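Student: Build me a model:
(one chain, ligands or ions: 2)
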Amino acid sequence: MDELKPLIDDFGRRITYLRISVTDRCNLRCVYCMPESGVPLLNHEDIISYEDILRLSAILSRHGVSKVRITGGEPLARKGLTGLIESLGKISGIKDISMTTNGILLDKYAYELYNAGLKRINVSLDSLNKDRFKNITRTGNLETVLRSIELAKKIGYNPVKINTVLIKGTNDDEIIDFVNFAKKLELNLRFIEYMPIGGNIADAVSSKEIEEKIKSEFGDFSPIKDTPNNRNTIALTENSSDESNIYDGVSRSFGFKDGKTVIGFISPLSEHFCGDCNRLRLTASGNLRLCLFYDNEYNVKNILKENDDEAVFEKISDIVKLKRFKHNFNEKTKNFQYSSWANDFMNGIGG
Ligand code: SAM
Ligand code: SF4
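Tutor: Ligands and ions are numbered 1, 2, ... in the order given. Model (predicted):
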């Protein structure tokens with residue numbers, strides 16, 4: 001079907017990317033994401049249904065959303081995820097499906113997910129040291145995650161990206177180890193600046209600091225653009241064809257001469273990346289969230305009670321107009337003296 005009116009905010013930014021949190025549940029308790037005791041969880045019946053996710057994705061895809069990412073909580077903790085991936089793949093406008101996972105259950109599902117159409121995957125990994133990994137995740141086993149990453153490579157996921165959050169005094173001495181690990185396994189590595197969301201207080205390590213450290217160790221480390229021309233490093237999904245599917249508006253990328261490893265930086269703290277924001281978030285509770293950093297959410301489950309798809313689109317289009325130009329992260333961080341301001345925990349929003 002022809003693409004209809006695009007989804008555009010009041011600042012002319014076109015929304016092409018939907019991040020879907022399929023569950024608020026998780027089998028880990030990462031120190032920067034959730035309290036040890038966990039967080040109040042949604043009742044099962046309050047979690048957005050796969051039917052609603054698929055209908056919303058289909059409607060938005062007809063209006064230009066071509067990329068979706070499945071996240072959580074831990075997405076693999078929700079039953080029936082392979083079926084969701086398969087159904088998303090049948091929506092003709094969706095050209096790029098990816099998932100962010102902690103990797104604990106990935107070895108169990110990696111093959112079936114791949115066969116269902118998932119070709120790109122991000123695995124979160126914050127330490128290469130067994131004891132430290134356990135401390136950061138509070139329960140996780142490093143070996144399991146490493147095995148999952150190797151399996152994902154072997155199966156042919158491309159790219160396999162590693163998401164790493166560094167915290168001063170906890171794991172910031174592992175920068176070079178992570179780069180060597182990524183080079184060895186030909187992985188893409190993304191450093192995400194720590195964000196004080198949901199009651200977490202810790203010292204972030206800025207992207208600039210990480211960049212300088214890598215530059216001083218590797219002479220051939222330089223900026224690259226994530227485009228389909230980086231064929232060796234930025235792999236395309238089978239049916240990806242345009243740059244917007246691949247280039248993540250909020251990430252800056254660097255590479256090495258060997259052309260095999262990409263290092264990305266996501267820097268909400270130290271840089272304003274909002275000008276290129278192309279994303280919308282669907283929370284596990286079925287709310288639309290226009291920005292990670294603003295608490296305002298809009299109930300999509302109610303909107304989807306409307307039978308007419310175009311009426312649903314019009315309501316969502318009105319909500320998108322409320323998207324602010326930039327996040328207020330730095331101001332809020334200052335005001336709250338580096339404590340958190342958000343009422344939600346990352347596990348429900350999806351990161
Ligand atoms: N459970 C999956 C995982 O860990 O990959 C997906 C959900 S998790 C909320 C998505 C991403 O958010 C992960 O890469 C995680 O490292 C990141 N994240 C969680 N809390 C964060 C925080 N306070 N600051 C920065 N990134 C965070
Ligand atoms: Fe779970 Fe992911 Fe949050 Fe860690 S970052 S507690 S794995 S949702």
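Student: any chance you could map the helices in the stretch 151-300 of the chain?
Tutor: Here the stretch 151-300 of the chain has its helices, by DSSP state H, counting those that start in this stretch, at 175-185, 207-217, 243-246, 300-303.
Student: could you dump these to TSV with mean pLDDT, mean neighbour count and distance to ligand 1?
Tutor: Using the backbone N, CA and C atoms, a C-beta is placed for each residue, glycine as well. As requested, the helices of the stretch 151-300 of the chain are exported to TSV (pLDDT from 0 to 100; neighbours: other CB atoms under 10 Å; distance: least, CB to the nearest ligand atom, whole Å):
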stretch	mean pLDDT	mean neighbour count	distance to ligand 1
helix 175-185	97	17	13
helix 207-217	96	16	12
helix 243-246	34	18	19
helix 300-303	96	17	19
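Student: Of those, which is nearest C274?
Tutor: Nearest of the helices of the stretch 151-300 of the chain to C274, taken as CB to CB: helix 207-217 at 15.4 Å.
Student: Got the phi and psi for T137?
Tutor: The phi and psi torsions at T137 (degrees, to the nearest 10) take the values phi -90, psi -10.
Student: That one: what's its closest spatial neighbour, skipping adjacent residues?
Tutor: L28 (4.4 Å; CB to CB, 6 or more residues apart in numbering).
Student: For the one you found, give its distance to E74.
Tutor: Here L28 is placed at a distance of 7 Å from E74 (CB to CB, to the nearest Å).
Student: what's the answer for F293, then?
Tutor: Using CB to CB, F293 is found at 23 Å from E74.
Student: before we move on, the earlier item: any common contacting residues for L28 and E74?
Tutor: Common neighbours of L28 and E74, using CB atoms under 8 Å, 6 or more residues apart in numbering, are N102, I104.
Student: the strands in the stretch 51-200 of the chain, which residues?
Tutor: Shown for the stretch 51-200 of the chain, the strands assigned by DSSP state E, counting those that start in this stretch span residues 67-71, 96-101, 120-124, 160-165, 188-192.
Student: Same check on the stretch 201-350 of the chain?
Tutor: Per DSSP E, counting those that start in this stretch, the stretch 201-350 of the chain carries strands over the ranges 222-224, 251-255, 262-266, 279-282, 287-289, 297-299.
Student: Wait, a strand at C26?
Tutor: No: C26 sits outside any strand when classified using DSSP: H, G, I helix; E, B strand; the rest coil, being coil.
Student: doesn't G72 make contact with it?
Tutor: Yes: C26 lies in contact with G72 (CB atoms under 8 Å); the separation is 6.4 Å.
Student: Excluding chain neighbours, give the residue nearest to L105 in space.
Tutor: With CB to CB, 6+ apart as the criterion, L105 has its nearest non-adjacent residue at 4.0 Å, and that residue is L76.
Student: Against ligand 1, how distant is the one you found?
Tutor: Computed with CB to the nearest ligand atom, to the nearest Å, the distance linking L76 and ligand 1 is 8 Å.
Student: ok, now which ones touch that residue?
Tutor: T101, I104, L105, L106, K108, Y109.
Student: Just the buried ones from the residues you listed, in ChimeraX syntax?
Tutor: Buried subset of these, written as a ChimeraX selection, criterion 16 or more other CB atoms under 10 Å:
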select :101,104,105,106,109
